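A.B. asks: next one to model:
(one chain, ligands or ions: 3)
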Amino acid sequence: SLPDHSQHDMMMSMPNNEAPLLEKELMPKGQPLKPLPLLVNQSKQQGVFETYLMPMSTKVEIIPGKQTTFWLYNQKILPIIDVMAGTKVKVAIENHLPEGTTVHWHGLPVTPQVDGNPHDPVKVGQTRQVEFTLPAHFEGTYWFHPHPHETTAEQVYKGLAGGFIVRDPNDPLKAIPEQNLFFSDLKLNKEAQIADNSMLDWMNGREGQFQLINGQYQPVISLGGTQRWRIWNANSGRYLNLSFPSSEVEAYQVASDGGLLEQPVAITSLLLSPGERAEVVLTPKKQGEFTLTALAYERGKMGKVAKEKDLPIAQVKMQLKDKINLPKRLRDIPTAPVATAFHKIEYTEAANPKSLAGVDFLINGKTFDMNRIDYKVKAGTVQEWEIFNNSHMDHSFHIHGLQFQVKEYELAGKVTKPLFKELKDTINLKPYEKARIIFVDYDKGVRMYHCHILEHESLGMMGQVENE
Ligand code: C2O
Ligand code: CU
Ligand code: CU
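C.D. replies: Ligands and ions are numbered 1, 2, ... in the order given. A predicted model of the protein is given here:
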């Protein structure tokens, strides 16, 4: 049982002062899943991908007869960049929002100078050219989203996010047809406008009444034969514990945040905290239909929240054809090297009636300060970080610009090693759990690390490491 927290009891009795939300029934559902809109390459040069990202306010008729104002890139809902390894990527960011913004390349190994750090916003009406070259041997499912100071959560829940796929020409799974499932959250008020965060949203991470996939509510996904699904959890606060019932489908996880696993792993469910991605290869076992469901994940929360329920998120229509067998081996992931630099961070919460959440979310006793470097290390050093979630809530850990390996988890004195090797940029930590992770950052500059429940990040559950 968890230690007693009087602060916790205080939160439990707090009223939810939320304005009424739009009835769920008004949202159309059951439409075939649409592909994500592809950002087309404007460059004719071999090996170069060039595009622009223009964040702006855009009205969309998502509820029949109503105009909902979103903030979107290029007036598209969740656009996607899809490029080969080794590509030189050039993006012009043209800010048409009424406030500053940045574009962060979540999971990609780009230098801090082009990674959309909060120090360096693209101001209203300005354009910024960013450029980076992807490694020659590299693949996986990444994404981009704004990262401005204190308003990341708001800019993301208003609609600013997109996918970023990198392909390896020798991908062992390239014969398998693909679908992209980009999960995002939508919370609409009575007027069908995007609702502000309530205090509970700030506390627990926002969870609207609509869980969308590719911007659609409860769509129909057609699964004809074996398919590879790339899955993003781009929700602010909702964890997704996706169920793949063995009575309906054969499911293998083949990749996580940083690309392919070493071998396919048979699964019947998949837990993704906000920010995490995975790839799953599915083969239907019969003709028919089943409901893709996010099973209740009883995460540690503060505040009085309804008991978690299973959430139906899509209908899957299955057709038996073209079973494709998976190779036994997908790739080799090198064993994590031995660390020479060690760093510890600890998550806690402290009551603060002035905070939007009623609490401060702290890392080593502090909230984020842009002018403070929390840790300095020489670029290229093998580092081991211990992240201790010393609180009764689930929090995640994400660090920019690199992938790490988890060496071990520790909970209630019990140490467990990961079951298989994988490259991660975001992991969840249960209440009172510790994780020890290993990574190397070769780039000089300032990297952010934070909880990826975006409300927590925006309230300052974030720190900075400087690689010298
Ligand atoms: Cu999705 Cu600071 O990250
Ligand atoms: Cu990131
Ligand atoms: Cu958190």
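
A.B. asks: those residues of the stretch 151-300 of the chain touching ligand 1, which are they?
C.D. replies: Gly275 (C-beta under 6 Å from any ligand atom). All C-beta atoms are positioned from the backbone trio N, CA, C, and that covers glycine.

A.B. asks: please enumerate the helices of the stretch 151-300 of the chain.
C.D. replies: Taking DSSP state H, counting those that start in this stretch, the helices of the stretch 151-300 of the chain run over residues 152-157, 199-204.

A.B. asks: right, so of those, which gets closest to Glu466?
C.D. replies: helix 152-157 (20.5 Å; C-beta to C-beta).

A.B. asks: now do the buried residues in that closest one.
C.D. replies: Of the residues in helix 152-157, 152-157 count as buried by neighbour count, 16 or more other C-beta atoms under 10 Å.

A.B. asks: what's the answer for stretch 175-185, then?
C.D. replies: Within stretch 175-185, judged by 16+ other C-beta under 10 Å, the buried ones are 176, 179-185.

A.B. asks: over to stretch 448-466?
C.D. replies: For stretch 448-466, using 16+ other C-beta under 10 Å, the buried residues are 448-465.

A.B. asks: those also near ligand 2: which ones?
C.D. replies: Of the residues in the buried residues of stretch 448-466, proximity to ligand 2 by C-beta under 5 Å from the ion holds for none.

A.B. asks: rewinding a little: widest-spaced pair of the buried residues of stretch 175-185?
C.D. replies: Every pair of the buried residues of stretch 175-185 checked by C-beta to C-beta; the farthest is Ile176 and Asp185, at 28.7 Å.

A.B. asks: list the contacts of the spatially most central residue of the chain.
C.D. replies: Geometric centre of the chain, nearest residue: Gly275, 1.4 Å, by C-alpha atoms, centre = their mean. By C-beta atoms under 8 Å, 6 or more residues apart in numbering, the residues touching Gly275 are 106, 233-234, 396, 398, 425-426, 452.

A.B. asks: check Thr141 too.
C.D. replies: 163-165, 230-232, 255, 257, 259, 277-279.

A.B. asks: so what's the gap between the helix or strand where it lies and the chain middle?
C.D. replies: Assigned by DSSP states H and E, Thr141 belongs to strand 140-145. The chain centre lies 8 Å from the centre of strand 140-145; the measure is C-alpha atoms, centre = their mean, to the nearest Å.

A.B. asks: rewinding a little: just give me the closest of the buried residues of helix 152-157 to Pro28.
C.D. replies: Tyr157 (20.5 Å).

A.B. asks: which non-adjacent residue is nearest the closest residue to ligand 2 within the stretch 201-350 of the chain?
C.D. replies: Closest to ligand 2 within the stretch 201-350 of the chain is Gly275: 7.0 Å, counting by C-beta to the ion. Nearest non-adjacent residue to Gly275, counting by C-beta to C-beta, 6 or more residues apart in numbering: His452, 3.6 Å away.

A.B. asks: what's the spacing between the one you found and ligand 1?
C.D. replies: 6 Å (C-beta to the nearest ligand atom, to the nearest Å).

A.B. asks: need the helices of the stretch 151-300 of the chain in CSV with distance to Gln67 and mean pLDDT, can you?
C.D. replies: CSV is the format used below for these (distance: least, C-beta to C-beta, whole Å; pLDDT from 0 to 100):
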stretch, distance to Gln67, mean pLDDT
helix 152-157, 18, 98
helix 199-204, 24, 95
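
A.B. asks: export those helices to CSV and tack on distance to ligand 3?
C.D. replies: Putting the helices of the stretch 151-300 of the chain into CSV (distance: least, C-beta to the ion, whole Å) gives the following:
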stretch, distance to ligand 3
helix 152-157, 11
helix 199-204, 9
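
A.B. asks: could you measure from the nearest residue to Val280 once chain neighbours are set aside over to ligand 1?
C.D. replies: Sequence neighbours aside, Trp229 is the residue nearest to Val280 in space, at 5.0 Å (criterion: C-beta to C-beta, 6+ apart). Applying C-beta to the nearest ligand atom, the value for Trp229 to ligand 1 is 21 Å.

A.B. asks: what number of residues lie near Trp229?
C.D. replies: Burial of Trp229 is recorded as 22 neighbouring residues (other C-beta atoms under 10 Å).

A.B. asks: so who does it touch?
C.D. replies: Counted by C-beta under 8 Å, 6+ apart, Trp229 has contacts 178-181, 279-282.

A.B. asks: what's opposite it in the beta bridge?
C.D. replies: Beta bridges link Trp229 to Gln179, Val280 when assigned by DSSP bridges.

A.B. asks: residue in the stretch 1-150 of the chain nearest to ligand 1?
C.D. replies: His106 (3.7 Å; C-beta to the nearest ligand atom).

A.B. asks: list the beta-bridge partners for the nearest residue in space to that residue that is not next to it in sequence.
C.D. replies: Sequence neighbours aside, Trp143 is the residue nearest to His106 in space, at 5.0 Å (criterion: C-beta to C-beta, 6+ apart). Taking DSSP bridges as the rule, Trp143 bridges to His106, Gly163.

A.B. asks: pLDDT wise, what is the one residue in the chain that gets nearest to ligand 2 at?
C.D. replies: Nearest residue of the chain to ligand 2 (C-beta to the ion) works out as His106 at 3.8 Å. pLDDT for His106: 98.

A.B. asks: who's in contact with it?
C.D. replies: So His106 contacts 142-145, 164, 275, 398, 400, 425 (C-beta under 8 Å, 6+ apart).

A.B. asks: how much space separates it from Pro177?
C.D. replies: Separation of His106 from Pro177 (C-beta to C-beta, to the nearest Å): 26 Å.

A.B. asks: same check on Asn428?
C.D. replies: 30 Å.

A.B. asks: likewise for Glu94?
C.D. replies: 35 Å.

A.B. asks: secondary structure class for Glu25?
C.D. replies: helix (DSSP: H, G, I helix; E, B strand; the rest coil).

A.B. asks: whoops, I mixed them up, His398
C.D. replies: Going by three-state DSSP: His398 is strand.

A.B. asks: for the lengthiest strand in the chain, the distance to its chain's centre please.
C.D. replies: When the chain is parsed with DSSP state E, its longest strand is strand 341-351. Relative to the centre of its chain, strand 341-351 is centred 21 Å away, using C-alpha atoms, centre = their mean.

A.B. asks: export that strand to CSV, keeping only CA atoms.
C.D. replies: Output of strand 341-351 as CSV, limited to C-alpha atoms (Å, rounded to 0.1, in the frame of the first residue of the first chain):
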residue,chain,number,x,y,z
ALA,A,341,28.8,9.7,-15.7
PHE,A,342,25.9,9.3,-13.3
HIS,A,343,23.0,11.6,-12.6
LYS,A,344,19.9,11.2,-10.4
ILE,A,345,16.6,13.0,-10.8
GLU,A,346,13.6,12.7,-8.5
TYR,A,347,10.0,13.7,-9.2
THR,A,348,7.8,15.0,-6.3
GLU,A,349,4.8,17.2,-6.0
ALA,A,350,4.2,20.0,-3.5
ALA,A,351,0.9,21.8,-2.8
